[in-house]
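**Student:** give the three-dimensional model of this entry:
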Amino acid sequence: MNKKRILIAIAIIGILAVLYSFYNKKTAGNVSITTTVKKGDFISEVIISGEVQSTSLKKIKGPSNLRKFKLRDVKIQDLIPEGTVIKAGDYVGRLDPSAVNEQIIDARLNLETAESKYTQQKLDTTLSLKQNRNTIKDMLFQIEETKLELKQSIYEPPATIKKLEIKVEKLERDIGEQKENYEIKQRQAKAKMVEVGTEVSKIKKKLKDLIELRESFTIHSESDGMITYVKNWDGTKRKVGSSISPWNPAIASLPDLTKMESKTYANEVDIRQIKKGLPVKVGFDAFPDVELDGVITNVANVGEKKRGSDIKVFQVLVKLNEIDKNIKPGMTTSNRILTNKVENVLIIPLESVFSKDSISYVYLKSGYSIQKKQIELGISNNDEVIVTKGLKEKEIIYLNMPEGQEEKSIIPLK
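**Tutor:** Numbering: from 1, shown residues only. Reported below is the predicted structural model:
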């Protein structure tokens, strides 16, 4: 009798197992997932990545007089690593002096030529004036000699005396002209000497300036700080091999680590929700446990093209209200911008909302049945939406369409 009961029990268990297995296979393809309508604060956020930068920094610049010597692009020959902590007077980097060296060589050659020309002009002037002085001396001797002859000719015929008087008069007139010519030649000689002398001085000064310029190609810091590389117009960092210009001679910068911000870019869709003064939670990829409060200080009015794409983005600056010693310029940030907050409202997941002909509805669990009920929605974020009509707190709704409910009629709002 006992064996018979045991066999019957085993048979019943087997049948139940078969039925359970069959039921599971039938329903495995349509598992209904539910959630409850909750009441609380609705938060809408825009999350965008960015980069830390200082709002106040000192630029370490190369020479300011590159344009004077027509140096347009000067390469950076050496630069200490980014992030190096330095003190005032410490070595920062060096520029390539090859273009300056070429100008120094040319200036030295020009100086040799100018000095040679100056020496030659000096010798020519000395010789020319000496000849003029000798001529004047000779003429003075002739005058003295003629006057002596005139004095001794008192007993000569009047014609002879008159001839000697005319000769003295002519010599005195000639020597007067010769002295005037000598003074003119002196002034000419001085003018030429000033001209060639000025050219020599000019080249000497240029050579001195070039040597000082070359010395300034070795750059030192004027203050304490941490080195960060400056960026070019295309976003790339200046490093060894990059060039500086007279219009932008900076090779590095020293940021103020007590004044930091997150520089980020929002797309055309998100920028409509972002405005100055909105609070931001700033996270850091390098330090997942660190999150600092911030506030939007600037939103660009004009978009710019994203590198390598036709998508337009708008620059957004987020000031950090707190300071963390671990945070450094250049670190990647995650910026959660609070664009909207509505308190004490009904909230449901977006997955639970269905629509037909511009009517929004949900599948509502009502006892042992399911209702297809119309609802009225408010604002939404990426995950949730506010329900303004049609549901109550703690009601159970479906996240997916329950099997066999598609053809049901939608219960309209009252």
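
**Student:** show me what the strand or helix carrying Lys319 is packed up against.
**Tutor:** Using DSSP states H and E, Lys319 maps to strand 312-320. Contact here means 3 or more C-beta pairs under 8 Å, 6 or more residues apart in numbering; DSSP states H and E; on that basis strand 312-320 packs against strand 38-54, strand 260-267, strand 279-284, strand 291-299, strand 304-305, strand 332-349. C-betas here are computed from N, CA, C, even on glycine.

**Student:** list the buried residues in it.
**Tutor:** Within strand 312-320, the residues that qualify as buried are Val313, Phe314, Gln315, Val316, Leu317, Val318, Lys319, Leu320, counting by 16 or more other C-beta atoms under 10 Å.

**Student:** quick one: contacts for Lys61?
**Tutor:** Lys61 is in contact with Ile219, Pro249, Ala250, Ile251, counting by C-beta atoms under 8 Å, 6 or more residues apart in numbering.

**Student:** quick one: which of those residues sit in strands?
**Tutor:** Members of those lying in strands (criterion: DSSP state E): Ile219, Ala250, Ile251.

**Student:** any chance of TSV for those, columns neighbour count?
**Tutor:** As requested, the ones in strands among the contacts of Lys61 are exported to TSV (neighbours: other C-beta atoms under 10 Å):
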residue	neighbour count
Ile219	21
Ala250	16
Ile251	24
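
**Student:** could these go into TSV alongside distance to Leu350 and pLDDT?
**Tutor:** As requested, the ones in strands among the contacts of Lys61 are exported to TSV (distance: C-beta to C-beta, whole Å; pLDDT from 0 to 100):
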residue	distance to Leu350	pLDDT
Ile219	56	94
Ala250	48	92
Ile251	51	92
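
**Student:** of those residues, closest to Glu291?
**Tutor:** Taking C-beta to C-beta as the measure, Glu291 lies nearest Ala250 of these, at 32.5 Å.

**Student:** please, which helix or strand holds the residue nearest to the closest one when sequence neighbours are not counted?
**Tutor:** Excluding its sequence neighbours, the residue lying closest to Ala250 (C-beta to C-beta, 6 or more residues apart in numbering) is Lys59, at 4.1 Å. Secondary structure assigned from DSSP H and E places Lys59 in strand 57-61.

**Student:** quick one: buried residues of that strand?
**Tutor:** Buried, per 16+ other C-beta under 10 Å, within strand 57-61: Leu57, Lys58, Ile60, Lys61.

**Student:** closest one to Leu399 out of the residues you listed, please.
**Tutor:** Distances from Leu399 to the buried residues of strand 57-61, taken by C-beta to C-beta, are shortest for Leu57, at 50.3 Å.

**Student:** in the sheet, who's paired with the closest one?
**Tutor:** Pro255 (DSSP bridges).

**Student:** so it versus Trp247, what's the distance?
**Tutor:** 19 Å (C-beta to C-beta, to the nearest Å).

**Student:** alpha carbons only: can I get the strand holding Lys59 in PDB?
**Tutor:** Below are the C-alpha coordinates for strand 57-61, written out as PDB (Å, rounded to 0.1, in the frame of the first residue of the first chain):
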ATOM      1  CA  LEU A  57      47.600  82.500 -15.400                       C
ATOM      2  CA  LYS A  58      50.900  84.200 -16.200                       C
ATOM      3  CA  LYS A  59      52.300  83.500 -19.600                       C
ATOM      4  CA  ILE A  60      56.000  82.800 -19.900                       C
ATOM      5  CA  LYS A  61      56.900  84.500 -23.200                       C
END
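
**Student:** and the helix or strand just after that strand, what's its mean pLDDT?
**Tutor:** Next helix or strand after strand 57-61 toward the C-terminus (DSSP H and E): strand 74-79. Mean pLDDT, computed over strand 74-79, is 94.

**Student:** which helices and strands does strand 74-79 pack with?
**Tutor:** Short answer (3+ C-beta pairs under 8 Å, 6+ apart): strand 74-79 packs on strand 91-95, strand 243-244, strand 250-255.

**Student:** in CSV, list the buried residues of strand 57-61 along with distance to Lys365 and pLDDT.
**Tutor:** As requested, the buried residues of strand 57-61 are exported to CSV (distance: C-beta to C-beta, whole Å; pLDDT from 0 to 100):
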residue, distance to Lys365, pLDDT
Leu57, 60, 85
Lys58, 65, 89
Ile60, 68, 92
Lys61, 70, 91
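
**Student:** looking at the residues you listed, spot the one nearest Tyr363.
**Tutor:** Nearest to Tyr363 among the buried residues of strand 57-61 is Leu57, at 57.3 Å by C-beta to C-beta.

**Student:** was I right to think that closest one contacts Leu254?
**Tutor:** Yes. Applying C-beta atoms under 8 Å, one finds Leu57 in contact with Leu254, separated by 6.1 Å.

**Student:** which neighbours do those two share?
**Tutor:** Going by C-beta under 8 Å, 6+ apart, residues that sit against Leu57 and also against Leu254 are Thr228.

**Student:** just the buried positions in stretch 40-55, please.
**Tutor:** With the criterion 16+ other C-beta under 10 Å, stretch 40-55 contains buried residues Phe42, Ile43, Ser44, Glu45, Val46, Ile48, Gly50, Val52, Gln53, Ser54.

**Student:** tell me the mean pLDDT over it?
**Tutor:** Mean pLDDT, computed over stretch 40-55, is 91.

**Student:** quick check: longest helix of the chain.
**Tutor:** Longest helix in the chain, counting residues (DSSP state H): helix 158-216.

**Student:** tell me what angle it forms with strand 91-95.
**Tutor:** Counting by axes from the mean of the first three to the mean of the last three C-alpha atoms, to 10 degrees, helix 158-216 lies at 130 degrees to strand 91-95.

**Student:** and the buried residues of strand 312-320, which is closest to Lys167?
**Tutor:** Within the buried residues of strand 312-320, proximity to Lys167 (C-beta to C-beta) peaks at Gln315, which comes in at 98.7 Å.

**Student:** ok, how many other residues are close to the closest residue to the closest one other than its chain neighbours?
**Tutor:** Of all residues not flanking Gln315 in the chain, Ala300 sits nearest, at 4.2 Å (C-beta to C-beta, 6+ apart). Using other C-beta atoms under 10 Å, Ala300 has 14 other residues around it.
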